[in-house]
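Asks: this is a predicted model, with the sequence first.
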Amino acid sequence: MDNIHIDLTIRLLARGARTSVGFCSPTSNRNRPAPSNIQRSKPGRRFESKKFRLLLPSNTSKHIQNLLLSRTPGTPTPVADPAMAELQTEVLQKLDASSTATLTSEDAFPAVPFATLKAALDSLQSKEMIVYETRDSEYNILTAEGEQIRTSGSHEAKVFHVVHALGELKIADLAKQEEFANDPNGAKVGQMRAFKEGWIKKHPEDKSKIITGVDEIVDLTQKDLETISQTGSLPDATTIADLRKRKLISPQKKIAFTIRKGPKFALEILKEYTDLDSDMLQSGKWQEVTFKPYNLKALGAPAMSGALHPLGKVRHEFRQIFFEMGFTEMPTSQFVESGFWNFDALYVPQQHPARDMQDTFFISDPPMADMPRNEKGELLTEYWDNIKQVHENGKFGSLGYRYPWQPEESLKLVLRTHTTATSAAMLYKLAQDPKPARYFSIDRVFRNETVDATHLAEFHQVEGVIADFDLTLGDLIGFMNEFFGKMGVKQLRFKPAYNPYTEPSMEIFSWHEGLGKWVEIGNSGMFRPEMLESMGLPKGMKVHGWGLSLERPTMIK
């Protein structure tokens, strides 16, 4: 907001008019609230936040609200930090005294911290009193080891001086010398570099001993470090790189400023007010002072907005991966399934623990499902008989479970315990026209579980099947690695497992960095021939199947 807008706003406020910021000025005298005694004696009081009601629309800027509500009469406008004001004055004075009308921060203000100086320069530049440019440069400082070498000499020089003083020395005794008492590794490093420089060599008659190779040396490493400690650099970039590799010096970044006069340069800093209070309105001082301009380019506080639920986000990623890999999504809106599709069609015996009350939610009303039918409404009599025979006596190469199969048990209604029930129904449809296919689904399933840190009564299952001819278990492992790799999960392990409807079967584990252990994320396998051939699929067609919870990959990601 510029001065014209501020002037207009203030005049409207002083007159108590109906302004765009929503004063409670009445539309008629009849609705006008009676002024209090305080308001009659001191009209300016009506501008206080507690004495005068303001209606500020939601789109009113936070700064306008602060101007109208935050100030109370008699409160002084905040004054700039005295130290900061002193530094700004010093900048202006030095710049005015400079013959080139230019200052460099490293020369003019070597002891002022970077953040402090930048804050002062930013403030002056916002007033157009100065302009400045930033320059980046690099210098080096000595590490602790580098400082030690600068003081007492390099490791290789110490090795030379020890051998030179003794005439000859066994290599095994070098680390035992007094010079290396507190630095055994220094003897090893010094020996290696002294050999490299030709300062020492092995005794011609006794290879276990060393002797000097030259009469005197110049410790260039120590001299280079001394130069760096004073100037921060060396002319030779190769030497700098070598010293960094030896971890004797460490690179540092230095930021400096070049400062020049701005279009509104002056030695006196004009005082700008940031807040408007009731005292200014009553006294008229607001007409005499300068207000700091609004920075309309400043970013406001980030607004809170909606976000994807973590499960929804990972579900979307899974769906995209499936679609990219040529899968078709299965319909999974049917939460209630019959025991036939949920268990029997998947070769799960009727006495299996998974079908007990403590593991499955059973539906009491209606108590029974209808007999399974196809899309035309026809009873699946042949499929029903195949399932019964496979369970009781075996068929299609299977010996069966050898128990009396009960139709009543198969028609019980349950909340589906897995979306594999949908996969079984889709595979039956595929059997009517066998051809390679890829299906997937992501939806909720239900287990009668005790809820704890690793188990939920309701969760989401990611289900996938691949039907094709001549598939192998190796194909399934390769697909799992590719599938999870697209999710960013690279470390997988497979462990043999048992499932009633797949053989062979595998559990899938992924490494969890946070927990520091392998976490099971899914189950997989190849559907049994007796399950597939009961549907009418040809013998040569194999089907990969896998299922995993949506929650665990989300947790790992």
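Replies: Yep, it's here. The shown structure was predicted, so the numbers you read here are calculated from the model rather than taken from an experiment.

Asks: do a quick rundown of the strands in the stretch 301-450 of the chain.
Replies: Using DSSP state E, counting those that start in this stretch, the strands of the stretch 301-450 of the chain run over 328-329, 336-338, 413-415, 437-446.

Asks: same for the last one, what does it pack against?
Replies: What it means is strand 437-446. The contact analysis (3 or more Cβ pairs under 8 Å, 6 or more residues apart in numbering; DSSP states H and E) places strand 437-446 against helix 310-324, strand 328-329, helix 420-431, strand 458-469. Quick note: C-beta positions are derived from backbone N, CA and C, even for glycine.

Asks: wait, which of the strands of the stretch 301-450 of the chain is closest to Asp81?
Replies: Nearest to Asp81, of all those, is strand 437-446, at 58.1 Å by Cβ to Cβ.

Asks: who does the closest one pair up with?
Replies: strand 328-329 (parallel), strand 458-469 (antiparallel) (DSSP bridges).

Asks: tell me which of the ones you listed sits nearest to Arg355.
Replies: Comparing the strands paired with strand 437-446 by their distance to Arg355 (Cβ to Cβ), the top pick is strand 458-469, with 18.0 Å.

Asks: right, and the helix or strand after that closest one?
Replies: helix 473-486 (DSSP states H and E).

Asks: and that next one, what's buried?
Replies: Leu473, Leu476, Ile477, Phe479, Met480, Phe483, Phe484 (16 or more other Cβ atoms under 10 Å).

Asks: which among these gets closest to Asp279?
Replies: Phe484 (68.3 Å).

Asks: surely that closest one is in contact with Phe509?
Replies: No: with contact defined as Cβ atoms under 8 Å, Phe484 does not reach Phe509; the gap is 10.9 Å.

Asks: what do those two both touch?
Replies: Leu492 (Cβ atoms under 8 Å, 6 or more residues apart in numbering).

Asks: about what we covered before: any idea which of the helices and strands packed on strand 437-446 gets closest to Asp136?
Replies: Short answer: helix 310-324, nearest of the helices and strands packed on strand 437-446 by Cβ to Cβ, at 39.0 Å.

Asks: and the contacts of that closest one?
Replies: Outside helix 310-324, the residues that reach it (Cβ under 8 Å, 6+ apart) are 308, 329, 440, 442, 460, 462, 464, 483, 486-487, 550-551, 553-554, 557.

Asks: quick revisit: just the strands paired with strand 437-446: most buried one?
Replies: Ranked by mean neighbour count, the strands paired with strand 437-446 are led by strand 458-469 with a mean of 20 (mean count of other Cβ atoms under 10 Å).

Asks: can I get that strand in PDB, CA atoms only?
Replies: Output of strand 458-469 as PDB, limited to C-alpha atoms (Å, rounded to 0.1, in the frame of the first residue of the first chain):
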ATOM      1  CA  GLU A 458      -9.700 -54.200   8.300                       C
ATOM      2  CA  PHE A 459      -6.900 -53.500   5.900                       C
ATOM      3  CA  HIS A 460      -6.300 -53.200   2.100                       C
ATOM      4  CA  GLN A 461      -5.000 -56.000   0.000                       C
ATOM      5  CA  VAL A 462      -3.100 -55.600  -3.300                       C
ATOM      6  CA  GLU A 463      -3.900 -58.600  -5.400                       C
ATOM      7  CA  GLY A 464      -2.500 -59.700  -8.800                       C
ATOM      8  CA  VAL A 465      -2.600 -62.700 -11.100                       C
ATOM      9  CA  ILE A 466      -0.900 -63.500 -14.400                       C
ATOM     10  CA  ALA A 467      -2.300 -66.200 -16.500                       C
ATOM     11  CA  ASP A 468      -0.200 -67.500 -19.400                       C
ATOM     12  CA  PHE A 469       1.300 -70.700 -20.800                       C
END
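
Asks: for it, what is the average pLDDT?
Replies: Looking at strand 458-469 alone, the average pLDDT works out to 91.

Asks: same check on stretch 279-293?
Replies: With pLDDT averaged residue by residue, stretch 279-293 scores 88.

Asks: which pair in the contacts of helix 310-324 spans the largest distance?
Replies: Among the contacts of helix 310-324, Leu308 and Gly464 lie farthest apart (Cβ to Cβ), at 22.6 Å.

Asks: can you lay out the strands paired with strand 437-446 as JSON lines showing distance to Asn393?
Replies: JSON lines is the format used below for the strands paired with strand 437-446 (distance: least, Cβ to Cβ, whole Å):
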{"stretch": "strand 328-329", "distance to Asn393": "36"}
{"stretch": "strand 458-469", "distance to Asn393": "27"}
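
Asks: so which of these comes closest to Glu106?
Replies: Ranking these by proximity to Glu106 (Cβ to Cβ) places strand 458-469 first, at 60.5 Å.

Asks: that closest one to helix 473-486, inter-axis angle?
Replies: Computed by axes from the mean of the first three to the mean of the last three Cα atoms, to 10 degrees, the angle separating strand 458-469 from helix 473-486 equals 130 degrees.

Asks: strand 458-469 versus helix 310-324: what angle between them?
Replies: Using the same axes, to 10 degrees: strand 458-469 against helix 310-324 is 10 degrees.

Asks: any idea how far strand 458-469 is from the chain center?
Replies: In terms of Cα atoms, centre = their mean, to the nearest Å, the centre of strand 458-469 is set 29 Å apart from its chain centre.
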